[in-house]
Structure formats: structure tokens, C-alpha cells
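Peer 1: A predicted structure for the sequence below; I have some questions about it.
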Amino acid sequence: MATTSQDIKTPPAEKASDSGRLIKQLKAVVGDSYVLTGPESTRQYRTGFRFGSGPVLAVVRPGSLIEQWKVLNACAAANKIIIMQAANTGLTGGSTPDGDDYDREIVIVSTLRMAKVHLIDEGRQVICLPGATLFQLEKALRPLKREPHSVIGSSCIGASVFGGVCNNSGGALIHRGPAFTQMALFARMDEVGEIQLVNHLGVKLGNEPETILKRLDQGDFKATDIEYSPGRVASDHGYANHIRDVDADTPARFNADPRSLFEASGSAGKVMLFAVRLDTFEMEDQTAVFYIGSNDTAELESIRRNMLANFESLPISGEYLHRDAFDVAEKYGKDTFLAIQYLGTDRLPALFAMKARFDSVRLKFLPRDLSDKIMQAVSGLFPSHLPKRMKDYRDKFEHHLMLKMSGSGIKEARTYLASVFPSDQGAFFECSPAEGEKAFLHRFAVAGAAVRYRAIHRDEVQDIVSLDVALRRNDRNWFEKLPPDISAPIKHKLYYGHFFCHVFHQDYIVTKGHDTMALEHKMWKLLDARGARYPAEHNVGHLYEAEPSLINHYKTLDPCNSFNPGIGRTSKCAQWR
């Protein structure tokens with residue numbers, strides 16, 4: 001049973017006493033070492049990857065679904081805000097607090113200890129628990145020659161499976177669309193403040209919450225317990241046709257798209273999620289990568305429209321990279337590139353965890369961003385890591401498009417591109433397997449390059465403005481041209497993204513002394529005038545006002561929460577965000 005807060009203010013001494021009792025209760029549930037309360041020990045959890053930070057009462061790290069359930073009930077009874085957190089890779093700070101002006105104390109529930117994946121139906125579907133990452137899911141599916149809905153993570157390497165589902169993240173794979181499912185196990189608070197466990201996972205696990213959670217955690221279910229209902233799907237089955245409509249006046253996908261809002265999908269932390277069931281996809285046996293360079297944005301848009309509208313085989317992915325992003329990633333994403341190339345994605349989570357621990361225990365007399373400075377210096381000792389043909393194209397062309405095709409689509413693309421290039425403004429080459437791998441790896445290394453640049457150049461950089469934008473499918477003038485008053489304070493503009501979906505990640509490194517929030521608000525007006533929607537792949541976090549479709553979705557999930565768009569702080573109910 002969850003309690004609601006009272007209008008009468010709690011005296012400070014009583015509040016401290018209540019908080020102390022809750023801390024003891026949480027330690028009894030998960031163990032002393034998994035309840036963090038000190039400012040140093042909690043820093044990595046309460047600081048966003050790019051945005052947002054603030055104080056918390058505690059960070060709790062449950063190790064089982066039953067522990068997570070008990071933590072939820074304890075925090076709700078104590079009337080605390082709960083922020084659910086997995087990989088903490090979001091652009092908008094949605095998995096961390098922002099500031100210290102909340103109406104109640106905050107507890108972060110970190111789920112990374114519950115990183116389990118259950119393969120079902122011979123791997124054609126998967127049930128993921130709260131801490132599962134895309135890295136882990138790829139590894140589990142690889143022996144079966146199957147793949148998840150997304151790979152690596154497009155704007156932040158190391159993303160969690162739940163993060164994709166909760167925020168309608170789309171990833172790079174054109175056939176599959178945003179991470180979406182109608183099959184999930186979650187807890188919600190009803191109209192009278194009671195917590196309900198909702199099992200729409202399509203797996204018979206019993207009736208009592210703790211029985212359901214224990215059996216799922218242990219994989220204690222048979223093939224006969226799994227239901228296959230035609231009324232519920234575990235991926236966006238219609239996206240491939242949806243994206244082909246290149247003349248539509250709306251984006252292909254974005255955070256608040258009603259077609260992708262269903263219970264846990266698009267919930268952005270308004271429910272406490274325990275498991276999701278997702279489709280997996282056959283791994284392509286034969287693939288080829290084509291590297292395209294051009295100085296004419298209309299030329300690339302013509303390729304996009306032609307391939308989407310007329311090709312029999314859709315590309316697997318088509319990733320865009322601007323020359324400036326190429327340059328910054330080449331230098332400031334080099335260690336990420338090399339780590340994946342030589343160590344593989346399996347070891348990246350451990351490396352990220354080591355870096356986070358190092359940063360959290362850093363002695364006060366040591367320089368800020370020391371780990372980043374060490375890694376940057378070490379990466380500089382290695383020789384150039386990019387293929388010569390890619391670097392030659394960097395010198396010749398401002399705009400770069402990496403196109404990955406499979407099966408019969410390879411010949412289709414090869415013939416078509418040969419009919420288009422060379423042109424006055426562009427050219428292409430077919431990559432060797434090594435070149436193709438490095439091209440996409442370089443594209444994904446851009447994800448953290450702006451953050452690294454900021455860490456190395458603190459004296460010059462005020463901050464990063466990160467936009468996550470979905471353009472209209474019929475927008476031919478897709479490349480942004482900022483007016484001088486907005487462009488002047490920006491040191492570097494990093495444009496990259498999922499070109500065929502018209503979803504772009506835009507990182508602006510702003511010079512010292514400028515108001516980044518005011519700058520971003522000016523950018524929003526320009527995007528609104530273009531019919532763009534944002535955010536495209538991340539939740540509204542602390543930056544954006546939620547659209548009506550998203551607000552209604554949140555209210556349906558959590559009717560007890562009087563939601564304030566883009567903030568979500570004012571509520572007379574125990575809320576989680």
C-alpha cells in the first residue's frame with residue numbers, strides 16, 4: 001500500500017527521523033553496501049552523462065526483482081521521489097535529479113545489478129530484466145545469429161534495453177524502428193495511491209507479486225507458460241512501410257509519437273519497469289558498406305528519397321556524419337574507437353564502470369576530469385586509426401553517408417550509386433569489410449566526443465547544447481543553417497544521425513561566457529518553424545515540455561501524479577519519474 005503526502009509540512013527533525021528509518025529499511029532489503037548515501041559515493045549516479053545533477057537521499061542498488069519491489073514499496077510509503085536509472089546515458093538528464101528545489105527527497109534506484117536476459121522461442125524473442133544492456137543482448141543473441149532492435153547505441157554508447165523502450169529510442173536500424181513493445185511487467189500507482197503490479201508480459205508466472213517476480217528472476221517458467229497473442233506485439237511491425245512514405249509531412253519517429261506510446265513503451269520512468277519482452281531479428285549473412293561523400297545536401301536527400309521510395313530492399317542502416325563531427329570524433333573519440341576495436345563491446349561496460357569509480361573517489365587536490373585527460377593522452381600515443389580512403393573523403397567532402405546493405409540490396413545499391421556518382425559534388429566507394437567496420441565505429445564514437453572535448457577544454461567551453469531532433473519525412477532542406485546571432489557563440493557544431501529516418505543528433509560546443517539554455521531556447525523556435533519534433537530518441541528530462549500525447553500517456557500510467565510538463569516535480573502522491 002502506498003501512502004500519499006499530507007498538506008501539513010513535516011518538521012525537520014521528524015523528516016530526518018523518517019529518512020533515517022527509510023535508510024535502515026532499504027539496507028535491510030538490499031544489504032548495507034548497496035545503499036549509498038555519501039556525496040562522493042553517489043556522485044556518478046546523481047550526475048547525468050551530459051546534463052543534470054542534484055542531491056539525493058540515497059542510491060539503492062537492488063540485486064533481484066523482489067528487492068526492487070520492496071524498495072519501491074518502502075520509498076512510496078515514505079513519500080519519496082523515485083528516479084529509476086539504468087545506464088544513465090541520456091542527453092536530457094531524465095535519469096538524474098536536476099537542482100535541489102524538489103518538494104520531497106529523492107531516491108535513485110540503480111538497476112544495473114539485475115542484468116539478466118531470458119531467451120524464449122529459440123531466441124526469436126527475449127525477456128530482459130532492468131539492468132540488461134544492448135551489449136549484453138547482442139552477446140546473448142550472437143551464437144543464434146540473431147540481433148536486437150538496436151546496436152551499440154547511437155548518441156551514447158552503452159545504452160540499456162529499458163532506456164530504449166521507455167524513451168522510444170530508435171537506434172540506427174532502418175527496418176526495425178523505435179524500441180517498442182506491448183508486452184511488459186511493471187508497477188504503477190493507481191488513483192488512490194496503491195501500487196499495482198501489472199503482468200502484461202505474456203508469461204504465466206502466478207498471481208502474487210513476489211511469486212511472479214521470483215519466478216521471472218530465476219527463469220522459472222516453461223515454454224507452455226509463454227503466451228503468443230496476436231493482439232500484442234513486441235516490436236514496431238509497421239515501421240518499414242511507415243518510413244517509406246517520404247512525402248509525409250510528419251517525422252518518421254519521435255518521442256511523443258502516439259503510434260509508439262503503449263504502457264511501458266514511452267513511459268520515461270512514470271512506471272517502475274521490471275521486465276520487457278522484445279522481438280529479435282535474423283542476422284544478415286551477406287552485407288556491404290558503401291561510403292558516400294558529397295558537398296551538396298540535396299544530392300544526399302535525393303539518394304534517401306529514391307532508396308526509400310523505390311528500392312525493393314531497404315538499407316540496414318544509413319548513418320550521416322558532418323565533416324566537423326568527423327574531425328572531433330577522430331581526436332576525442334579515438335580511445336572509444338580503439339577500445340571497441342581491440343577489446344570488443346563485451347568489456348566496455350567494465351571500463352566505463354572503472355572510470356566512474358575513479359572519478360567518484362578522486363582526491364580533491366587532483367585535477368578535474370583527470371580520467372578523461374589520461375585517456376585522451378594515452379589515445380594520442382596510437383597511430384592514426386581511420387582508413388586512408390575515409391580521410392581522403394574527409395578532405396574532399398563536407399557531408400558523409402555510410403550505407404549498409406544486405407542480400408539482394410547490395411547489388412541494387414551498387415548499381416544505383418554507380419549511376420549517380422561520380423558527380424560534380426560527390427563520389428562513393430564500396431568499403432572492404434575492415435573499412436566498413438571502422439566507418440560505422442567512427443560514427444558511433446562521435447556519441448561521446450563532445451563530452452570528452454568539454455572535459456579537455458573546460459577553460460574554453462561553457463557547456464554542450466545537445467539536441468535530438470526528428471525532421472519531417474518530406475523535409476528536403478534537412479541540413480541546419482543557423483542565423484549569425486545563434487551561430488556566433490558556438491565553437492563547434494557536431495551533426496550526426498540516422499539519415500534515412502531523418503533523426504539527427506546535434507551537439508553544439510558553446511564558448512565560455514554564454515548562456516547555453518537561452519541559446520537552446522532560440523534553437524527550439526527555429527525547429528518549431530521547420531515542423532521538427534524533439535526530443536526524438538530521449539525523454540523530455542529536465543529540458544523540454546512534454547507534448548499533449550506524452551502528458552496523456554503519463555497520466556494514464558500514473559494518474560496519482562499531477563504532472564508538470566518537462567519537470568514532473570509537483571505531486572501530492574509518492575511518484576516515480
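Peer 2: Ah, there it is.
Peer 1: how about residues contacting the helix or strand hosting Glu299?
Peer 2: Using DSSP states H and E, Glu299 falls within helix 297-310. For helix 297-310, contacts defined as C-beta atoms under 8 Å, 6 or more residues apart in numbering pick out 243-244, 246, 292, 294, 314-315, 318, 320, 399, 401, 413, 416-417, 420, 423, 425-426, 476-479, 499-500. No exception for glycine: its C-beta is placed from N, CA and C like everyone else's.
Peer 1: now the residues you listed: which count as buried?
Peer 2: Buried by 16 or more other C-beta atoms under 10 Å: 243-244, 246, 292, 294, 314-315, 318, 320, 399, 401, 413, 416-417, 420, 425-426, 478, 499-500, out of those.
Peer 1: just the ones in strands from those, please.
Peer 2: Secondary structure from DSSP state E places Ile292, Ser294, Gly318, Tyr320, His399, Leu401, Gly426 of the buried ones among the contacts of helix 297-310 in strands.
Peer 1: tell me what the longest helix along the chain is packed against?
Peer 2: Taking DSSP state H as the criterion, the chain has its longest helix at helix 12-30. Here helix 12-30 touches strand 35-36, strand 58-60, helix 65-77, going by 3 or more C-beta pairs under 8 Å, 6 or more residues apart in numbering; DSSP states H and E.
Peer 1: and the residue nearest to Arg368 when sequence neighbours are not counted, how far is that from Ile464?
Peer 2: Of all residues not flanking Arg368 in the chain, Arg458 sits nearest, at 6.8 Å (C-beta to C-beta, 6 or more residues apart in numbering). Remark: distance between Arg458 and Ile464 (C-beta to C-beta, to the nearest Å) = 12 Å.
Peer 1: which of those two has more neighbours?
Peer 2: Ile464 (19 against 13; other C-beta atoms under 10 Å).
Peer 1: run the chain-centre distance for the strand or helix carrying that one.
Peer 2: Using DSSP H and E, the element containing Ile464 is strand 461-470. Centroid separation between strand 461-470 and its chain, computed with C-alpha atoms, centre = their mean, to the nearest Å, is 15 Å.
Peer 1: moving C-terminal from that strand, which element do we reach first?
Peer 2: Scanning forward in sequence from strand 461-470 by DSSP H and E, the next helix or strand is helix 484-487.
Peer 1: can you tell me what sits against that following helix?
Peer 2: Taking C-beta under 8 Å, 6+ apart as the rule, helix 484-487 contacts Lys493, Leu519, Lys522, Met523, Leu526.
Peer 1: what secondary structure does the first one sit in?
Peer 2: Meaning Lys493. Here Lys493 is recorded as strand under DSSP: H, G, I helix; E, B strand; the rest coil.
Peer 1: quick one: Ile486 from Val510, how far?
Peer 2: 10 Å.
Peer 1: determine which stretch of the helices and strands packed on helix 12-30 is the most buried.
Peer 2: Among the helices and strands packed on helix 12-30, strand 58-60 has the highest mean neighbour count (mean count of other C-beta atoms under 10 Å), at a mean of 26.
Peer 1: and it, how far out from the chain middle?
Peer 2: Distance, centroid of strand 58-60 to centroid of chain: 22 Å (C-alpha atoms, centre = their mean).
Peer 1: is it true that Ser265 touches Gly164?
Peer 2: No: Ser265 is beyond contact range of Gly164, at 9.6 Å (criterion: C-beta atoms under 8 Å).
Peer 1: more neighbours: the two, which one.
Peer 2: Of the pair Ser265 and Gly164, Gly164 is the one with more neighbours under other C-beta under 10 Å, namely 26 against 22.
Peer 1: what kind of secondary structure is the closest residue in space to Val271 that isn't next to it in sequence in?
Peer 2: With sequence-adjacent residues excluded and distances taken as C-beta to C-beta, 6+ apart, Val271 is closest to Phe186, at 4.4 Å. Look at Phe186: counting by three-state DSSP, its state is strand.
Peer 1: and Phe186, how many residues sit next to it?
Peer 2: 22.
Peer 1: so how far is Arg244 from it?
Peer 2: Relative to Arg244, and taking C-beta to C-beta, Phe186 is found at 33 Å.
Peer 1: how about Arg277?
Peer 2: 27 Å.
Peer 1: list the buried residues of the helix holding Glu299.
Peer 2: The neighbour-count check on helix 297-310 (16+ other C-beta under 10 Å) flags Thr297, Glu299, Leu300, Glu301, Ile303, Arg304, Arg305, Met307, Leu308 as buried.
Peer 1: find me the pLDDT at the closest residue to Ser169 other than its chain neighbours, would you?
Peer 2: The shortest distance from Ser169 to any non-neighbouring residue, by C-beta to C-beta, 6+ apart, is to Glu537 (4.3 Å). We have a pLDDT of 86 for Glu537.
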